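Engineer: Build me a model:
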Amino acid sequence: MSFSDWFTLRDEPQRRLAVIGGRLEDGNADIYGEMHRLSGGRILVFPTASGEPEEVGVETVQVFRSYGFEAELSPVYGPGAAAAAQDAANAAQVTRFGSVYFTGGNQTTIVETLAPGGVESPVLAAIRAANAAGGLVAGSSAGAAMMSKVMIVGGTSLDAVVHGVTDDPEKPGMLLGEGLDFFPFGVIDQHFIKRGRLGRLIVAMASAGARRGFGIDENTALFVNGRRGRVIGEYGMIVLDMADAQFDPRGRTFQDIRFSYLDTGDEIDLARMKAIPGHGKRRVRASEIAYRAPARSQRNVFGAYTLYDLLGRLVLGDAQVYSADRAGTVDLKSSLAVTVELERVRGHSRNLVALTENGFRMTALNYRANVMSEKLSAARLANRATHLQRDYGVKPGAGSRLLLLGSSPTQGHGEMLREMLAHCEGDIGILAAASAEPRETAASIIRRLAGQGRTGIDLGVTIDNVEHCGRDAELVERIAGLKTIFLPGGNQVRLVETLLYRGEETPVLLALARAHANGAAIIGASGAASALSRFMIAGGSSHEAFRFGVSTDTGHHGLVLQEGVGFFGSGIVDQNLFSSRRLGRLIVACAEEGVRYGFGICEESMMNARGDGTLIDVYGRYGVVLVEVNPDELVLQSDNFAPAGSAASQGHGHGHHRHRRGQRQPRHRQPPRRPEPVAAKIPSACRIAAALPVLAPSATRKDTAMRQIVITAFISLDGVMQAPGGPEEDPADGFEAGGWTAPYWDGAGAVEMGAFLDETFSQPFDLLLGRRTYEIFAAHWPHVGADDPMGALFDRVTKHVAAGPDTPLDWANSVPLGPDVVAAVRRLKAGTGPDLLIQGSSVLVQALLANDLIDT
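Structural biologist: The predicted model follows:
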């Protein structure tokens, strides 16, 4: 900073700002508490940017009041916002409160409302006067973006690097505008680390000639008091300095950018750009060094928390041998590969850490960031887009096999264990490093194998002794020579950190790779199956994945993605799919990383990936769910995205929690809306299919005359099962979203639905119905008229009903199952006649599944 710049800042008023990176959670007492302190407990809420300003504004006022604020709603919103901004009474309201808060939404709306055509309104003038007098100007998401003079309006990092700045919102690239300049210290971006916005902030700064940029993450704030800034929140803030940067926008390269990460509790002198680490921060101790080699990451560098994770490795890395790391991504349409490199600068970079009750915290100062681009050939582009297998110097042969199991084969009745052993040769080496009790786990498996006449060998490798094992040449060669190696389940992160100890490829891992290349069966069960893919799902539920997206570790809400071992390169693997309801998180994982295929392995099921992993057979009881995401057509949420209604969750280990994205949602009940499968949120971008088990002829059916029981149901990804009726069809337990499947019967969906119905009802069948489904059917189908083919068909077939003695069965050909429904169904199944088709009937289905009576 020049002397004149510093002198100008000295003469500026004691401004107070709260620049919040979006997704401010109602439970963030630290941020609300600091706003209360700086505002004196009085604040005026502007929902100007929101698409639902009345609801969002009312709720935001209520949240502030819950923290002891005197809060009101400004009328500057909606269609009359620009006129309201000219009203002297509304300007007087600003003066009376002295501090203001802007919600999220569209930042351009704020600017066009308060300064139409660049002319300041009376309300904006009053806000500036209040701020100059010591009042607080606070804003989240869009309310933060509008605070800098150069305002980022839209666009992703990849679009920004590949296409640069554009004035046309219909064209690829990033959009810039002019903000309100409350924050004179540089360009602001928000949702920064979560949405991978490093690239677009760099391009914005280069385009505007700005020296400094501030990227603030979600649920995190930069509080400014005069020239002093302080970070408070869930994560932190990235500060960029382009003073010594060299860039060629046409060549899409940006080099020598000074890069620092400030954590919650850290402060910064904004006049001198000097960071002041927070209390408790200290240098990394030698005993805490955890990494000695780059991650060789294939994660999307502009994906959620990818750069944060790389930076964390460097902070805990051995500077003598590991001083830089990188990750990249590819724009498939232009064939451009973009790489971001983070590098320690000898003698300048500083790493500080703190171990708090909330986990690991870090501060990283004076790193160097470089952005590089490269045009890929068609062959390299195809390989990168479709194959993620990690190269350990040997390539799998035609006889190589990866057996990935959705659950432990030693649980249950033993069918899965016997199926697994049918693919095993010789003695079975057991590497139980994922287990918290590896010795006990290995011993238990050895006993189960002995019961099947097979020999198991405990290889004895754990995270505590993997370095020692790697120096045991005899053990390493023994592992490489085995024909079967079994990795039991447990903590997949522990397994990866064992095999890639401190980031390095251990001799044990390289021996596994050699064994695999030589045709050995490498078996991963449960969590170990996830660890064998390149991108590993390490934690988080489907609910958290949809509500919070990707997180950095299991200490935060969200889906945790990390680098896996990478033996399986055809997609992302998840396991225990049914019991843990993990389909949603698998979809989010594929979407976040731009991976085309996801494989959800169900319990008591196994996937055999042969050769290079592109030839796959499925075995076991339930099979594998295949998710296909088309990265070209994927649409991710924008800053002002907000799901319908309020989200409320009660999770194990934490209290009641409400969460918002972009703009706040109303607390009061919304009109009923149809719950949508995720595929409806990303049209044409996601397909889901089921891969059924491949069974040997002797195992297909115990009795070829036995009737099959087949379920047909309409189920959303969050577990809503209902026929295509309306809101009044089944309002039990207050459910008001009936008829949610209706849109999928229209347009292109009608063709697919018609083909499905033709296939379902083209073969002879009897109906097997639960009581509630029967009542719904009986109230409709007998009355549709003789011309309706479905009504006539349903009238004609026999309907076996799980109904009590008081349930009237007036519909033709209806037969009660009697008091013992399971026994009755078992008798029907063993008898002769057409297959039994279940429509809906969720309660009945659960009872039959529990008794192993469902076939399809």
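
Engineer: rest of the way, CA atoms for contacts and neighbours
Structural biologist: Noted.

Engineer: Now do the helices in the stretch 751-856 of the chain.
Structural biologist: Taking DSSP state H, counting those that start in this stretch as the test, the helices found in the stretch 751-856 of the chain are 771-778, 789-796, 821-830, 842-850.

Engineer: Point out the most buried one among those helices.
Structural biologist: Each of the helices of the stretch 751-856 of the chain was assessed for mean neighbour count using mean count of other C-alpha atoms under 10 Å. The highest is helix 771-778, with a mean of 19.

Engineer: What is that one packed up against?
Structural biologist: In terms of contacts (3 or more C-alpha pairs under 8 Å, 6 or more residues apart in numbering; DSSP states H and E), helix 771-778 is packed against strand 799-802.

Engineer: picking that back up, what's the closest of the helices of the stretch 751-856 of the chain to G598?
Structural biologist: Taking C-alpha to C-alpha as the criterion, G598 comes closest to helix 842-850 out of these, the separation being 25.5 Å.

Engineer: Report the rounded mean pLDDT for the closest one.
Structural biologist: Along helix 842-850, the predicted confidence averages to a pLDDT of 85.

Engineer: What of stretch 439-453?
Structural biologist: 94.

Engineer: which parts of it are buried?
Structural biologist: R439, T441, A442, A443, I445, I446, R448, L449 (16 or more other C-alpha atoms under 10 Å).

Engineer: Export it to PDB, keeping only CA atoms.
Structural biologist: This file holds the C-alpha atoms of stretch 439-453, laid out as PDB (Å, rounded to 0.1, in the frame of the first residue of the first chain):
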ATOM      1  CA  ARG A 439      -6.400 -57.700  15.900                       C
ATOM      2  CA  GLU A 440      -9.800 -58.700  17.300                       C
ATOM      3  CA  THR A 441     -11.400 -58.100  13.900                       C
ATOM      4  CA  ALA A 442      -8.900 -60.200  12.000                       C
ATOM      5  CA  ALA A 443      -9.200 -63.000  14.600                       C
ATOM      6  CA  SER A 444     -13.000 -63.000  14.300                       C
ATOM      7  CA  ILE A 445     -12.800 -63.200  10.500                       C
ATOM      8  CA  ILE A 446     -10.200 -66.000  10.600                       C
ATOM      9  CA  ARG A 447     -12.600 -68.000  12.700                       C
ATOM     10  CA  ARG A 448     -15.500 -67.500  10.300                       C
ATOM     11  CA  LEU A 449     -13.300 -68.500   7.400                       C
ATOM     12  CA  ALA A 450     -12.200 -71.600   9.200                       C
ATOM     13  CA  GLY A 451     -15.900 -72.500   9.500                       C
ATOM     14  CA  GLN A 452     -16.000 -72.400   5.700                       C
ATOM     15  CA  GLY A 453     -12.900 -74.500   5.300                       C
END
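
Engineer: ok so, going back, now go through the buried residues of stretch 439-453 and say which are in helices.
Structural biologist: Secondary-structure check on the buried residues of stretch 439-453 using DSSP state H: residues within helices are R439, T441, A442, A443, I445, I446, R448, L449.

Engineer: which one of those residues sits closest to L487?
Structural biologist: For L487, the closest of these turns out to be A442, at 9.6 Å, with distances computed as C-alpha to C-alpha.

Engineer: that older thread, for N518, find the nearest of the helices of the stretch 751-856 of the chain.
Structural biologist: Across the helices of the stretch 751-856 of the chain (criterion: C-alpha to C-alpha), the nearest stretch is helix 842-850, sitting at 40.8 Å.

Engineer: Need the contact partners of the closest one.
Structural biologist: Residues outside helix 842-850 that contact it (C-alpha atoms under 8 Å, 6 or more residues apart in numbering): I711, M721, L769, G770, A802, V822, I854.

Engineer: May I have it as CSV, with CA atoms only?
Structural biologist: Extracted in CSV, the C-alpha atoms of helix 842-850 (Å, rounded to 0.1, in the frame of the first residue of the first chain):
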residue,chain,number,x,y,z
SER,A,842,-45.6,-49.5,2.6
VAL,A,843,-46.6,-51.0,6.0
LEU,A,844,-47.2,-54.4,4.4
VAL,A,845,-44.0,-54.2,2.4
GLN,A,846,-41.9,-53.6,5.5
ALA,A,847,-43.4,-56.7,7.2
LEU,A,848,-42.7,-58.8,4.1
LEU,A,849,-39.2,-57.5,3.7
ALA,A,850,-38.5,-58.3,7.3
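
Engineer: Could you check the angle that helix makes with helix 771-778?
Structural biologist: If you take axes from the mean of the first three to the mean of the last three C-alpha atoms, to 10 degrees, helix 842-850 sits at 130 degrees to helix 771-778.

Engineer: so helix 842-850 versus helix 821-830, what angle?
Structural biologist: Using the same axes, to 10 degrees: helix 842-850 against helix 821-830 is 70 degrees.

Engineer: one step back: mind putting the ones in helices among the buried residues of stretch 439-453 into TSV with distance to V843?
Structural biologist: Shown next, in TSV, are those (distance: C-alpha to C-alpha, whole Å):
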residue	distance to V843
R439	42
T441	37
A442	39
A443	40
I445	36
I446	40
R448	35
L449	38
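
Engineer: what ranges of the stretch 351-500 of the chain fall below the confidence cut-off?
Structural biologist: When the per-residue scores of the stretch 351-500 of the chain are filtered using pLDDT under 70, the ranges that remain are 358, 381-387, 412.

Engineer: Kindly recompute the last result at 80.
Structural biologist: Low-confidence regions of the stretch 351-500 of the chain, defined here as pLDDT under 80, cover residues 356-359, 378-388, 391, 411-413.

Engineer: now the helices: where do they sit in it?
Structural biologist: With DSSP H, counting those that start in this stretch as the criterion, the stretch 351-500 of the chain has helices spanning 378-386, 415-421, 438-451, 466-470, 473-481, 492-499.

Engineer: Can you give me the pLDDT of P675?
Structural biologist: Confidence per residue is given as pLDDT, and for P675 that number is 28.

Engineer: and V284, what is it in contact with?
Structural biologist: Neighbouring residues of V284 by C-alpha under 8 Å, 6+ apart: V315, L316, N351, L352, V353.

Engineer: was I right about the fourth one contacting R283?
Structural biologist: Yes. L352 lies in contact with R283 (C-alpha atoms under 8 Å); the separation is 4.5 Å.

Engineer: And these two? Which one has more around it.
Structural biologist: With other C-alpha atoms under 10 Å as the criterion, L352 and R283 differ in neighbour count, and L352 comes out ahead with 19 against 14.

Engineer: one step back: now flag whichever of the contacts of helix 842-850 is closest to R346.
Structural biologist: Minimum distance to R346 across the contacts of helix 842-850 is 59.5 Å, recorded for M721 (C-alpha to C-alpha).

Engineer: mind listing what the closest one touches?
Structural biologist: For M721, the contacting residues are A713, F714, I715, G840, S842, taking C-alpha under 8 Å, 6+ apart as the criterion.

Engineer: 6 Å instead, please
Structural biologist: Neighbour list for M721: F714, I715 [criterion: C-alpha atoms under 6 Å, 6 or more residues apart in numbering].

Engineer: Domains in this structure, by residue range?
Structural biologist: By the assignment in automatic domain parsing, the chain contains the domains 387-645+660-665+673-691, 701-850.

Engineer: closest one to N28 among these?
Structural biologist: Using C-alpha to C-alpha, the nearest of those to N28 is domain 387-645+660-665+673-691, at 12.0 Å.
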